[in-house]
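Colleague: one predicted model, sequence on top.
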Amino acid sequence: MSTNRPTVFAEELANELDKIPEQYWSNLLQIIRLFRESVTPASDIHSKNPAIVEVVEDLGLVHAMLEVKDEKPLSRQKALAEMERE
């Protein structure tokens with residue numbers, strides 16, 4: 001973005017939107033709404049919205065899965081020994 005002026009920003013945004021096929025606009029709108037909600041201070045409405053809670057939980061699950069994807073499973077004995085150390 002070349003400037004912070006709202007009118008120039010709106011024009012640049014409209015130019016980018018023109019480059020996106022219309023069949024993807026509904027997906028883009030969902031992304032924009034989720035982004036807006038993520039940068040808006042949390043409120044009771046946001047924290048109680050099941051769709052937002054589900055997205056956040058899913059994202060957390062994806063991150064957790066990525067963290068352990070290359071780990072080798074422990075044998076039951078090693079896992080039990082490790083749990084006893086904690």
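Modeller: Looks like it arrived, so ask away.
Colleague: from now on I want contacts and neighbour counts done on CA atoms only, so please keep to that.
Modeller: Fine.
Colleague: so the spatially most central residue of the chain is in which element?
Modeller: Among the residues of the chain, the one closest to the centroid is L59, at 5.7 Å (Cα atoms, centre = their mean). Here L59, judged by DSSP states H and E, is contained in helix 50-68.
Colleague: show me what counts as buried in that helix.
Modeller: Using 16 or more other Cα atoms under 10 Å as the test for burial, helix 50-68 gives I52.
Colleague: packing partners for the helix or strand following it?
Modeller: Counting by DSSP H and E, the element after helix 50-68 in chain order, helix or strand, is helix 76-85. Using 3 or more Cα pairs under 8 Å, 6 or more residues apart in numbering; DSSP states H and E as the contact criterion, no helix or strand is in contact with helix 76-85.
Colleague: average pLDDT for helix 76-85?
Modeller: Average pLDDT, helix 76-85: 83.
Colleague: just stretch 35-53 next, same as before
Modeller: Averaging pLDDT along stretch 35-53 gives 71.
Colleague: end-to-end on that stretch?
Modeller: Terminal residues of stretch 35-53 are spaced 14 Å apart (Cα to Cα, to the nearest Å).
Colleague: this protein - how does it break down into domains?
Modeller: If you go by automatic domain parsing, the domain ranges for the chain are 1-40, 44-86.
Colleague: now do the last one: distance to the chain's middle.
Modeller: What it means is domain 44-86. Put simply, domain 44-86 sits 16 Å off its chain's centre (Cα atoms, centre = their mean, to the nearest Å).
Colleague: need the pLDDT of K19.
Modeller: Here the pLDDT value assigned to K19 is 91.
Colleague: repeat for the one 5 residues further on
Modeller: At Y24, the model reports a pLDDT of 86.
Colleague: same for the helix holding L59, what does it pack against?
Modeller: By 3+ Cα pairs under 8 Å, 6+ apart, helix 50-68 packs against no helix or strand.
Colleague: let's go with 10 Å and repeat that
Modeller: Using 3 or more Cα pairs under 10 Å, 6 or more residues apart in numbering; DSSP states H and E, the elements in contact with helix 50-68 are helix 25-39, helix 44-48.
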